[in-house]
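>>> For reference, the sequence and a predicted model appear below.
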Amino acid sequence: TESALLRFRSELPRNLVPPDTAALWLLADTQQDSFYYELWACSYAPELHLHMVNHGILKEFMDLEGMTAASFADHEQRQFRISSGLIDSGGTRRGWQKHSRTMEVYEWCSRNRVMIPHKGMHGRTGDLISFKTVATFPGTNKAIPGGLTRANLRVDLFKDELERILQLDPDSPSALSFHCEIDEPFAKHFTAERKDEHGDWQHDKKLGRNDYFDCTVYALALREMLKLRPEMRRPIQQQKIKTETRQPQSPSLPGWYQNRR
């Protein structure tokens, strides 16, 4: 229900980056004439807590570029910019469109390398995340400048994970949090995606749109992709202070190392 999702609404205002943020991520769901987006902050390892800073609809690729060029501040006025992101690679073109959305997304990503195009793969067998080198634009022999790597996401498994997380207590360290301005129309996107009698995820279009649900799924996928990046690890000096305070007898190894999988 909408009220179940709204339990995860925090007291932080829209656009405020939370404390202990390691990175800002942009997730975009491609439509024929617009983009639904969410902006997520991820904390340092090992917690990797996710907080949604902003969401909305953008009309053009240049609007996405504006997001990637913008700065966002935390409570101490430290500035953050988007360090990575995922964008749905889109589908076929409509009659009035000159090119398919996939071609447009690839062309845009070749110029905006902070964003990674992705494709959703259904089913629960196979790699959770795999990568494919894309050398040419779809249906042509025209080379993509510099080439691209597309992420293939086993989206049903990430939807299962989102379902599990949304059953947690909002105060749980593993729970998601959202800025304070999310409302019922936003939460309704999370009620339109249901499991059928076989346990497969289906979008019931009679219940409305599901784009923000999809963007949140992408955020979980990006967290999985970037777990081992050095910049996601808390600086050693900070981590040693925490270790000495909480576990005086433990070895002075950084927390991300002690808790790695």
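Good, I have the coordinates.

>>> Could you list the buried residues of the helix or strand encompassing Phe158?
Using DSSP states H and E, the element containing Phe158 is helix 155-165. Residues of helix 155-165 classed as buried: 155-162, 165 (neighbour count, 16 or more other Cβ atoms under 10 Å). All C-beta atoms are positioned from the backbone trio N, CA, C, and that covers glycine.

>>> between those residues, which is nearest Ala187?
When those are ranked by distance to Ala187 (Cβ to Cβ), Leu162 comes first, at 13.5 Å.

>>> Any figure for the gap between the closest one and Glu60?
Counting by Cβ to Cβ, to the nearest Å, the gap from Leu162 to Glu60 is 29 Å.

>>> just Phe186 next, same as before
In terms of Cβ to Cβ, Phe186 sits 22 Å off from Glu60.

>>> same check, this time on Val17
25 Å.

>>> And these two? Which one has more around it.
Val17 (21 against 11; other Cβ atoms under 10 Å).

>>> Identify the residue spatially nearest to His179, adjacent ones excluded.
Arg14 (4.6 Å; Cβ to Cβ, 6 or more residues apart in numbering).

>>> I'd say Thr30 and Arg101 touch.
Yes: with contact defined as Cβ atoms under 8 Å, Thr30 counts as touching Arg101 (5.6 Å).

>>> Now for these two: what residues contact both?
The contact sets of Thr30 and Arg101 overlap at 89-90 (Cβ atoms under 8 Å, 6 or more residues apart in numbering).

>>> Would you mind measuring the gap between the ends of stretch 165-177?
11 Å (Cα to Cα, to the nearest Å).

>>> how about that stretch: buried residues?
Neighbour-count burial for stretch 165-177, counted by 16+ other Cβ under 10 Å, picks out 165-166, 175-177.

>>> what do you get for stretch 49-69?
49-55, 58, 61, 64-65, 67-68.

>>> can you give me the helices in this structure?
Counting by DSSP state H, the chain has helices at residues 2-6, 61-69, 101-111, 155-165, 184-188, 211-225, 236-246, 255-258.

>>> got the contact list for the fifth one?
Under the criterion Cβ under 8 Å, 6+ apart, residues 2-3, 5-6, 55, 207-209, 212 lie in contact with helix 184-188.

>>> and which of those is nearest Pro145?
Among these, His55 lies closest to Pro145 (Cβ to Cβ), at 31.1 Å.
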